[in-house]
Structure formats: C-alpha cells, structure tokens
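Student: Mind folding the following:
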Amino acid sequence: MDRPTVVIAGATGFVGRALYKRLSEEFRVIGLTRDDPSRLRTGGQQWRRCDLFSLLHCERALAGADLACYLVHSMLPSAHLTQGAFQDMDLIMADNFARAAAKSGVKQILYLGGLIPDGPELSQHLLSRLEVEQTLASRGVPVTALRAGIVIGARGSSYRMFKTLVERLRVIPCSRWGRSRTQPIALADVIELARYCLRQPSPATASYDIGGPDVLSYREILERTAGLLGLKRTIVDVPLTGTLWCRHWLHFVTGAPLELVGPLLESMRHSMVVRDRCLQEEAGIPGRTFDEAVREALAEERAGGRPVRTSAERAAARRSNRRTYLYHVRSVQRIPLPPGRTARWAAERYMQFLPRIFRVLLRGEMDRKGNVRLMLALPRVSLLDHQLAADRSGKSDRQVFYITGGILTRRAVRRSRRPRLEFREVLKGTALLAAIHDYRPSLPWPLYHAVQARVHLFVMRWFARYLRTEGEASRVVSPVPQS
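Tutor: Presented below is the predicted three-dimensional model:
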C-alpha cells in the first residue's frame, strides 16, 4: 500500500525539520525550500524548490500531495528591498498555498499558529496568525490549526532568546510584560500532536489550543531557566512599558533580528493561556513540564543536535542569495476593497488611475488584450510595459500583469522569477493586496531607493483613497429598486 504524501512548507525551520524526521517513518514526506535543495544535507529526504510568493511554484510543489503542513511565518525580509508589513506578506503566501492545495486535491492542511487571547485588540503578530489560519481555510480545504505559545526546542527563536538573556546577564531588567502569563509546550509534544492529526485527517476545519501543563509568567520562565542552567541571576522590575527600548535592547544582547524581536515583544503584552486541552486529552499527549522541555533542549544542544554548516557551505549560500535576490524588490500594500468589488475591477481602475495623477508627465495605453503601457508624454518613451497574464489571472479575484519591458526595469534573470504586478482579494473579499514581486529596477540602487520606491508608496496610498471614493460614488449612484 502506498504511503500518503505529505508536503511541508517551512520544512527547513526548527519545527519543520523535526516534523519531517518524525513523519518519514510512515508517510512519503516532501519538504519545500526557497533555496537550492542541493545545498541541503538530504540523507535520502525529498525536497522541492518553492517560492511561496509564486502561485505557480506552489501549484507545482503541491502536485500529488495528499496532506500538507504549513509552518511558515514571514517576519524576515524576502528581497533586497521589502516594502510592506509582514502580515501582508503572510497573507499572500498563505493564499497561494490554499489555492494550490485546493487545485491539487489536498485532503487536509495542518497549520501551526499562535494562541489567540481573549480581548478586543490583538497584537499585529497574533492577528497575523489568525488571518493566516482563516486564509488557509478560505479555498475549501479543511484546516486543522494547532495554536501554541512558546515552543521549546534547541532551535526555537523564543527559547534561544530567553536562554541567551540568562546566560549573558547577571542582572536582567524586566518590564511589565514579564507579568504576562504563557503556557509553553515542548517541541516533541507539538510533533506528536501534528502526527496524530495527520494520521486521521478531519473532514472539517477546526482549531485547537495546545500547551504544556505549566502556566508561567515570562519572569518565571527566566527564573526557572536560570535554575536549570545552574546560574544565579537577579531579575529587576523596571517601570517602562514600551517595546521600542526593549526591542533594541534584546537585539543588542541576544543578537536576534529586530524584525523578529519586535512582533514577539508586542505579543508579550497578552497573557496567552490554553482554554482547554481537548485534543491532547483525546490523543493521550498531556505534554512535558517546562523543566522537562528545557532539559531536552539543553541535552540536544550538548549532544551536537544543531548541525553546523561548513565554511564552504556558508560561503556558497551567501553567493547564491546575492545572485538570486540582489536588487530585487517586493512591495505589498493592503487596501480596503469596497463591498461588491473585485480584484479585476481594482486592476482596471489602477491602470486608469496612474496616467490620471501624472496627467502632464505620463500617458497610459491599453490594448484589447488588457496589456498596458505606461509612457512618458514627451518624449514618447515606455517606462513600464504590463502584459496581462490571462492564463494566470482567470477568475476576477486575482489579476496578474508581467512587467515585460520599459526603461525602468531590467530583464528577468530567469523565466521562473518574472517581475510581476498582481491584485488579489483576501479575507473574504474585504481587502485587496496590491503586490510587486521579483522586480529589478534599472535605476542605480541608491536612486531607486530614494526616488522610485518612495513614489510607489505615495501612489499606492493615493490609490487606496481613490478606490474608497470610487466605491462610495458607485453606492450613491446605484439605482433604487422600484416597488
């Protein structure tokens, strides 16, 4: 009997690697990576190269999959210049994954998200986790969401931060966020719960809170970690409440990227405690205590469980990244979409809008196939040529234009990484994402960064106001039904 095929997005992360290893015993597992799979130490593992920002890549990567795991969070930059919030980057990748899963006939998507606390205002980090969960379920494939707080494992970013703090500082300042409570869970327990869900896919979408038996404040986490490491530490309360100072301070002490530290800190203002552990009771996985989880992570580190790449491998990775992403631009803006309007409607308005705001300088020409050329009025020189990708646009909820020419763009290095402009509906049609992917400007980089990139952001903000006005006008002039 053939084993079910499981595709894991985020398989190179610390949860993904452990899940890949555990599932390989009874599934055919395929890991997705944005980098060159040949650089990974495969050991018989199967990998597919996939840029989750590309729907075409996702469709190819999920071909033949029975089940899929989504373990991706995009808080770090994905291009030489990234314009936009990490929440919007997350939305595009999750929407691509959901669309591709539906097309490939995937039976279930397993998603590892975050605990969602009670309260009217969520941090951007937690709100993004909830939006991703909703987006994965929006294309008809059942989603099983495991909502967890801190996952304790040797490679875990949160674990490494509080462990590094304890190791490097004798006196640790602790702001009010230290009083918030959380319910950490061991990596091994997350893996077993994920395996349990995949072995018996649910026909309906459901979310489950998961956590260990210990409910701790962040201050208690630091104290317990110090005790387990055999270190004597003094934790001092400080009367500061903002995250700005703490973000830079943690970045300085731990070396963690600012893009990662900021959202994690913002979420710490919430207490994130499991409401019930019904899934764990059903699966017979009560979970390890905090002390047991930390001891396992420490044992893995001491045993050399964190493989270190050779200097040659690290140098090859740096060269590859420079070649692949040098001077590439990714820009994503979220725009409220008027009720009843579509991405196709917004794309048409955008192509009319651009020449209108630069009416003295620019002209826009659209042919019968929907291709658009943005030109200087005098002299008549093409700035950007947009070719409508009719085969990739399809329904009215997504429109794609390849950027094929013009003096403001360089030619694509590879056909698989074509510069493109897209408009897509997300969050049940309440929001529009206007995105530019894999764009390589022809202007010298400092000039592009100082001028064209800023102009683009200005134009998108203006376009958002324009769409809002157009939507309001259409409601005003709509005919009143006669009785």
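
Student: which one is residue 332 nearest to, not counting chain neighbours?
Tutor: With sequence-adjacent residues excluded and distances taken as CB to CB, 6 or more residues apart in numbering, residue 332 is closest to residue 84, at 3.7 Å. In short, each C-beta sits where N, CA and C put it, glycine included.

Student: Residue 335 is in contact with that neighbour, correct?
Tutor: No: if you go by CB atoms under 8 Å, residue 84 and residue 335 don't touch, sitting 11.5 Å apart.

Student: just checking, residue 334 is part of a helix?
Tutor: No: Residue 334 sits outside any helix when classified using DSSP: H, G, I helix; E, B strand; the rest coil, being strand.

Student: which residues does it contact?
Tutor: 84, 85, 87, 88, 91, 431, 432, 433 (CB atoms under 8 Å, 6 or more residues apart in numbering).

Student: now with 7 Å?
Tutor: By CB atoms under 7 Å, 6 or more residues apart in numbering, the contact list for residue 334 reads 88, 431, 433.

Student: What lies in contact with the helix or strand that the last one is a member of?
Tutor: Okay, so that is residue 433. Taking DSSP states H and E as the criterion, residue 433 maps to strand 431-439. Residues from elsewhere that reach strand 431-439, judged by CB under 7 Å, 6+ apart: 53, 88, 91-92, 328-337, 343, 346, 403, 409, 417-426, 460.

Student: which among these end up buried?
Tutor: With burial judged by 16 or more other CB atoms under 10 Å, the buried subset of these is 53, 88, 91-92, 328-335, 337, 343, 346, 403, 409, 417-426, 460.

Student: Show me the strands in the stretch 351-483 of the chain, by range?
Tutor: All strands of the stretch 351-483 of the chain, identified by DSSP state E, counting those that start in this stretch, fall at 362-366, 372-376, 382-388, 398-405, 420-426, 431-439.

Student: Kindly format the C-alpha coordinates of the strand holding residue 433 as CSV.
Tutor: Provided in CSV are the C-alpha atoms of strand 431-439 (Å, rounded to 0.1, in the frame of the first residue of the first chain):
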residue,chain,number,x,y,z
ALA,A,431,-9.3,43.5,1.4
LEU,A,432,-7.2,43.9,-1.7
LEU,A,433,-3.5,43.1,-1.9
ALA,A,434,-1.5,45.1,-4.5
ALA,A,435,1.9,43.5,-4.9
ILE,A,436,5.0,43.7,-6.9
HIS,A,437,7.3,40.6,-7.0
ASP,A,438,10.8,40.0,-8.3
TYR,A,439,11.1,43.4,-9.8
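
Student: pLDDT on it, on average?
Tutor: Averaging pLDDT along strand 431-439 gives 95.

Student: what do you get for stretch 165-182?
Tutor: What stretch 165-182 shows for mean pLDDT is 87.

Student: Other residues contacting that stretch?
Tutor: For stretch 165-182, contacts defined as CB under 7 Å, 6+ apart pick out 149-150, 215-219, 222, 225-226, 229, 231, 233-238, 240-241, 246, 253-254, 268-273.

Student: gap between residue 168 and residue 224?
Tutor: As defined by CB to CB, to the nearest Å, residue 168 lies at a distance of 17 Å from residue 224.

Student: So the two - more neighbours on which side?
Tutor: Set side by side, residue 168 and residue 224 show unequal neighbour counts under other CB atoms under 10 Å, the larger going to residue 224 at 19 against 11.

Student: Surely that one is within a strand?
Tutor: No: with three-state DSSP as the criterion, residue 224 is helix rather than part of a strand.

Student: so what's it scoring on pLDDT?
Tutor: The pLDDT attached to residue 224 in the predicted structure is 95.

Student: and if you look at residue 324?
Tutor: pLDDT, residue 324: 49.

Student: got it, and residue 230?
Tutor: We have a pLDDT of 94 for residue 230.

Student: pretty sure residue 31 belongs to a strand, no?
Tutor: Yes: with the criterion set as three-state DSSP, the secondary structure at residue 31 is a strand.

Student: Name whatever forms a beta bridge with it.
Tutor: Counting by DSSP bridges, residue 31 is bridged to residue 8, residue 47.

Student: How much space separates it from residue 112?
Tutor: Here the criterion is CB to CB. By it, residue 31 lies 15 Å from residue 112.

Student: What's the first helix or strand after the helix or strand hosting residue 265?
Tutor: Assigning secondary structure by DSSP H and E places residue 265 in helix 258-267. Per DSSP H and E, the first helix or strand lying C-terminal to helix 258-267 is helix 278-283.

Student: coming back round to it: please state the offset of the strand holding residue 433 from the chain centre?
Tutor: 14 Å (CA atoms, centre = their mean, to the nearest Å).

Student: What of stretch 16-28?
Tutor: The mean C-alpha position of stretch 16-28 is separated from the chain mean by 22 Å, CA atoms, centre = their mean.

Student: If we go by neighbour counts, what in that stretch is buried?
Tutor: Buried, per 16+ other CB under 10 Å, within stretch 16-28: 16, 17, 18, 19, 20, 22, 23, 24, 27, 28.

Student: Show the model's pLDDT score for the first one.
Tutor: At residue 16, the model reports a pLDDT of 94.

Student: Hmm, residue 10 and it touching each other?
Tutor: Yes: the pair residue 16 / residue 10 is scored as a contact, 4.5 Å apart, by CB atoms under 7 Å.

Student: and for those two, which residues touch both?
Tutor: residue 71.

Student: Looks like residue 426 contacts residue 95 (just checking).
Tutor: Yes: using CB under 7 Å, residue 426 makes contact with residue 95 at a distance of 5.6 Å.

Student: what touches both of these two?
Tutor: Counting by CB under 7 Å, 6+ apart, the common neighbours of residue 426 and residue 95 are residue 135.

Student: so is the closest residue to residue 172 other than its chain neighbours in a helix, a strand, or just coil?
Tutor: Of all residues not flanking residue 172 in the chain, residue 235 sits nearest, at 4.9 Å (CB to CB, 6+ apart). Under three-state DSSP, residue 235 falls in the strand class.
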